[in-house]
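Chemist: Coordinates for the following, if possible.
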Amino acid sequence: MTVLPDDGLSLASEFPDATHEQWQHLVEGVLRKSGREFSGAAAVDALSVEIEEGLRSRPLYTADDASPDPGLPGFAPFVRGGRPEGNALGGWDVRQRHAAADGAAVLADLENGVASLWLVVGEHGIPVASLGRVLDGVYLDLAPVALDAGDGVEAAAGELLRLYGERGVAKEAARGNLGADPLGFEARTGEGFDFAAVARLARLCAAEYPGLRAVTVDALPYHEAGGSAAQELGSSLATGVAYLRELTAAGLTVEQAVGQLEFRYAATADQFLTIAKLRAARRLWARVAEVCGAEGRQVQHAVTSPVMMVRRDPWVNMLRTTVATLAAGVGGADAVTVLPFDHALGLPDAFARRIARNTSTILVEESHLARVIDPAGGSWYVERLTDELAAAAWAFFQRVEGAGGQAAALRSGQLGRDLAETWRARGAKLAKRREPITGVSEFPNLAERPVEREPAPAPPSGGLPRVRRDEAFEDLRARSDRHLAATGARPRIYLAALGPAAAHTARLTFASNLFQAGGIEPVDQGAFEDSGAAEVCLCSSDALYEEQAAEAAGALREAGARHVFLAGKAGQYPGVDACVFAGCDAVAVLSATLDRMGVS
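Modeler: Predicted structure coming up:
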């Protein structure tokens, strides 16, 4: 009997190592059982998933998936974090957004876990004259303030600096960001403003306020216009480069100019893509700064994505923002803003703000996400995705620079067209429910009571569009709501189940979810004549369709059915008008159905 050394895992040493070829052979067998014949690399490709814009997630990563050395936290290229201590000392900066002049809400946030404030000031938010009242009682030497004032940045910054002086805050104690972002404003509105005011603020901060930055590179306009992660990163790089040119031309050194920038990115519920995006952003900016002759530690402000927030079943947004916040923290963001779950509905209430700020608290204090710097580092998947995303973003950055820079790409319309093309491709996936939206395109609840909020100030408009994942289905649901208000009932469809439950349950559930996503109430109990519907969907197995579909469709038509669907790709049958199946264009099907019902 051979005695194996006690290494704590002695049992494992009795088994030979599995090879990649053996794993691949098992994959081929699984695919074969599902009716898909693939072999070799094609079998692996069959399990690969397109993330976006050429990026693919493979089913297995190994040490052979080499990536460049990410370095150490606090050292170039800063992939693993901009600071050597990361967020390990106290977690990330919990930054709450406020767009209304509600000083009580601001104080409540600061007293209950929020560390800094993001204030929307001016025409689309808090009046400049109300800034002092909103910040009444706030210890400005302890709570950093980040302004978002559009073309009114000089007036807003002047008022904030006046408050610092009035309240005895030493210049070296003032911290935050004055939020000047002329290209971001132009992306939002189609209108630019003079960079001279930005240069004056940057020179002032560089000379007198070491804890204040003057400029924000906000990538949210490109994310909210439907851009991919690579396009968001590439646009931020092009914007950052444009600001470096302007600031150095205004007399700042490269080091000073780099030190005046803070970058803002969206964090989505795709946690691995978000982690990779923030890591790639630091690497890319470090390269830009290196070429310019400076050290480029990128300061990052991550915001949970407005694009992913839905208006129907908004409670699910809490789950989305939790995953996005986790990804932002793991990705190394310096500050994180969790948008309240009711953000898409208007001004958030106290409960929504409480849940938003507690999201970070739970992740830091109870889940201990900040204890380890770059906890995703070393993952073959994360490192490879970071590298691939960085390459795609750099290519897009070069495309923008080749068009004359960010301003030229915006004004020529090239950037808008690129973003629109990306959104069209994603919109097709959303319409086909290839990218599901829980509570909207999947598992909708027609009986839910709408959540109502006080209207928020209208955001700036006139430039790039603002898109939402739920917009196509929201339009359909709005049509159904109007019909309900006018008639007292929603449009209905009768689901005709054929055969025993084992034969029809899966497709009955599929059809029910599909039609509810368009605001059409499914009826699957009682007789068709009593359902109040003129549209019918047959639900059963392929075998029973062969036996019963034609006869059932004929009987339903005799009973008054105007249109008969069949759930599944089962073929053509007399009396059946169309099939609905996983991957069909659900939005087109639902819209046409509402049209036939006279629902406008």
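Chemist: and residue 593, what helix or strand is that in?
Modeler: Following DSSP states H and E, one finds residue 593 within helix 586-596.
Chemist: Which residues belonging to that helix are considered buried?
Modeler: Across helix 586-596, burial judged by 16 or more other C-beta atoms under 10 Å covers 586, 587, 589, 590, 591, 593, 594. Every residue, glycine included, has its C-beta placed from N, CA and C.
Chemist: quick one, helices of the stretch 301-450 of the chain?
Modeler: Secondary structure of the stretch 301-450 of the chain (DSSP state H, counting those that start in this stretch): helices located at 317-331, 350-361, 380-402, 406-412, 414-431.
Chemist: now, of those, which is deepest in the fold?
Modeler: Highest mean neighbour count among the helices of the stretch 301-450 of the chain (mean count of other C-beta atoms under 10 Å): helix 317-331, with a mean of 24.
Chemist: Quick check: residue 95 is in a helix.
Modeler: No - using DSSP: H, G, I helix; E, B strand; the rest coil, the assignment for residue 95 is strand, not a helix.
Chemist: Count residues in the vicinity of it, would you?
Modeler: 27 (other C-beta atoms under 10 Å).
Chemist: and if you look at the one 3 residues further on?
Modeler: By the criterion of other C-beta under 10 Å, residue 98 has 23 neighbours.
Chemist: what residue ranges in the chain are flagged as low confidence?
Modeler: 1-14 (pLDDT under 70).
Chemist: try 90 this time
Modeler: Along the chain, segments meeting pLDDT under 90 span 1-56, 58, 62-68, 89, 192, 295-296, 569-573.
Chemist: Nearest spatial neighbour of the spatially most central residue of it, chain-adjacent residues omitted?
Modeler: The geometric centre of the chain, computed from its C-alpha atoms, lies nearest to residue 268 (C-alpha atoms, centre = their mean), at 3.1 Å. Once flanking residues are discounted, residue 268 sits nearest to residue 305: 4.4 Å by C-beta to C-beta, 6 or more residues apart in numbering.
Chemist: Tell me how far the one you found lies from residue 565.
Modeler: Distance of residue 305 to residue 565, given as C-beta to C-beta, to the nearest Å: 34 Å.
Chemist: repeat for residue 539
Modeler: Residue 539 is 9 Å from residue 565, by C-beta to C-beta.
Chemist: Tell me which of those two has more neighbours.
Modeler: With neighbours defined as other C-beta under 10 Å, residue 539 and residue 565 compare such that residue 539 has more, 29 against 24.
Chemist: I'd assumed residue 514 was in contact with that one.
Modeler: No - contact criterion C-beta atoms under 8 Å: residue 539 and residue 514 do not qualify, at 10.8 Å.
Chemist: Which secondary structure state is assigned to residue 67?
Modeler: Following three-state DSSP, we place residue 67 in the coil state.
Chemist: now residue 579
Modeler: Under three-state DSSP, residue 579 comes out as strand.
Chemist: any idea how far residue 514 is from it?
Modeler: 12 Å.
Chemist: Helices along the stretch 501-600 of the chain, start to end?
Modeler: For the stretch 501-600 of the chain, applying DSSP H, counting those that start in this stretch gives helices covering 501-517, 542-544, 550-558, 586-596.
Chemist: Repeat that for the stretch 51-200 of the chain.
Modeler: 103-111, 131-134, 153-166, 182-189, 195-208.
Chemist: how distant is the fourth one from the center of its chain?
Modeler: Just to be clear, that refers to helix 182-189. Relative to the mean C-alpha coordinate of its chain, helix 182-189 is positioned 20 Å out (C-alpha atoms, centre = their mean, to the nearest Å).
Chemist: next one: the second one
Modeler: The chain centroid and the centroid of helix 131-134 are separated by 31 Å, computed with C-alpha atoms, centre = their mean.
Chemist: And that helix, what's buried?
Modeler: Applying 16+ other C-beta under 10 Å to helix 131-134 flags 131, 134 as buried.
Chemist: can I get the CA coordinates of that helix in PDB?
Modeler: Output in PDB follows, covering the C-alpha atoms of helix 131-134 (Å, rounded to 0.1, in the frame of the first residue of the first chain):
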ATOM      1  CA  LEU A 131     -27.200  75.800  -2.700                       C
ATOM      2  CA  GLY A 132     -26.400  77.400   0.700                       C
ATOM      3  CA  ARG A 133     -29.800  76.300   2.000                       C
ATOM      4  CA  VAL A 134     -29.400  72.700   0.700                       C
END
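Chemist: Would you reformat the helices of the stretch 501-600 of the chain as CSV and include distance to residue 111?
Modeler: Listed next are the helices of the stretch 501-600 of the chain as CSV, based on distance: least, C-beta to C-beta, whole Å:
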stretch, distance to residue 111
helix 501-517, 41
helix 542-544, 61
helix 550-558, 63
helix 586-596, 45
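Chemist: Ok, which of those helices comes nearest residue 193?
Modeler: Closest approach to residue 193 among the helices of the stretch 501-600 of the chain (C-beta to C-beta): helix 586-596, 38.8 Å.
Chemist: end to end, how far does stretch 38-58 reach?
Modeler: 15 Å (C-alpha to C-alpha, to the nearest Å).
Chemist: Other residues contacting stretch 139-147?
Modeler: 93, 95, 110, 115-119, 121, 135, 153, 156-157, 160, 163-164, 167, 169-170, 173-179, 211, 216, 262, 301, 335 (C-beta atoms under 8 Å, 6 or more residues apart in numbering).
Chemist: Restricting to C-alpha, output that stretch in PDB.
Modeler: Below are the C-alpha coordinates for stretch 139-147, written out as PDB (Å, rounded to 0.1, in the frame of the first residue of the first chain):
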ATOM      1  CA  TYR A 139     -19.800  69.900   7.500                       C
ATOM      2  CA  LEU A 140     -18.200  71.000   4.200                       C
ATOM      3  CA  ASP A 141     -14.700  70.100   5.500                       C
ATOM      4  CA  LEU A 142     -15.900  66.500   6.000                       C
ATOM      5  CA  ALA A 143     -18.300  65.900   3.100                       C
ATOM      6  CA  PRO A 144     -16.900  66.200  -0.400                       C
ATOM      7  CA  VAL A 145     -19.300  67.900  -2.900                       C
ATOM      8  CA  ALA A 146     -19.400  67.000  -6.600                       C
ATOM      9  CA  LEU A 147     -21.300  69.600  -8.700                       C
END
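Chemist: List the buried residues for that stretch?
Modeler: Those would be 140, 141, 143, 144, 145, 146, 147, for stretch 139-147 by 16+ other C-beta under 10 Å.
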